[in-house]
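1. Fold the following.
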Amino acid sequence: MNTGTLSLDAEALYAEMRRGLALHVQPQTRLVGIASGGVWLAERLHADLGLTGQCGIISSSMHRDDFSQRGMTSSVQTRLPFEVNDAHVILLDDVLYTGRTVRAVLNELFDYGRPAQVQLAVLVDRGGRQLPVQAEFAAARVALPASQSLALARDTQGRFTFSLES
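-> You can find the predicted model right below:
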């Protein structure tokens, strides 16, 4: 496996995401991070935006359309420490690609209730959609071949970086 560094500044993209989302946060807004990179974003944004309560964590594992091939790929369990009914939910993810993870987490979210609104915010939209999913907010849009993947990493100080894997 080839691992390289992509010239995307994850910290600058995070700052752009924070500025953009600050305009959309309402009293009933609940941040929900998609495991795993989205959880890191949700936790940091929750603190940086001064939101009360706790942010949520959502896993796509139980609703994946490729579950029979992948099995349980994440040990993260869904945790939504707020009332989902009538909430304004912002789903956060690091990279949007095919849309299949978003479809799975929407199914998971609706197992917990009926939110008033659901928006999707991502650091990077890399195109390549297989489902009609669109992010309300993307800090960057890049084109990558299907043979490459973009992964968010977090260091011990909580700073973000991207790596490119082939």
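2. Does Ser163 lie in a helix or a strand, and which?
-> Using DSSP states H and E, Ser163 sits within strand 160-165.
3. Which positions within that strand qualify as buried?
-> For strand 160-165, burial by neighbour count (16 or more other Cβ atoms under 10 Å) applies to Phe160, Phe162, Leu164. Bear in mind the C-beta positions are built from the backbone N, C-alpha and C, glycine included.
4. And stretch 79-91, by the same measure?
-> Leu80, Phe82, Val84, Ala87, His88, Val89, Ile90, Leu91.
5. Tell me which residues touch Gly53, please.
-> By Cβ atoms under 8 Å, 6 or more residues apart in numbering, the contact set of Gly53 is Arg30, Pro81, Phe82.
6. same thing but at 10 Å, please
-> With contact set as Cβ atoms under 10 Å, 6 or more residues apart in numbering, Gly53 has these partners: Arg30, Leu31, His46, Pro81, Phe82.
7. between the residues you listed, which is closest to Arg141?
-> Within those, the smallest distance to Arg141 is 22.0 Å, found for Leu31 (Cβ to Cβ).
8. if I look at the closest one, how far off is Asp125?
-> According to Cβ to Cβ, to the nearest Å, Leu31 and Asp125 sit 19 Å apart.
9. Check Gln148 too.
-> Gln148 is 15 Å from Asp125, where distance means Cβ to Cβ.
10. The two: who's more crowded?
-> With neighbours defined as other Cβ atoms under 10 Å, Gln148 and Asp125 compare such that Asp125 has more, 22 against 13.
11. so that one touches Val102, yeah?
-> No: at 11.2 Å, Asp125 and Val102 do not qualify as touching, with contact defined as Cβ atoms under 10 Å.
12. Heading C-terminal from the worst-scoring helix or strand of the chain on mean pLDDT, find the next helix or strand.
-> None of the helices or strands of the chain scores lower by mean pLDDT, DSSP states H and E than strand 3-4, at a mean of 49. Scanning forward in sequence from strand 3-4 by DSSP H and E, the next helix or strand is helix 10-22.
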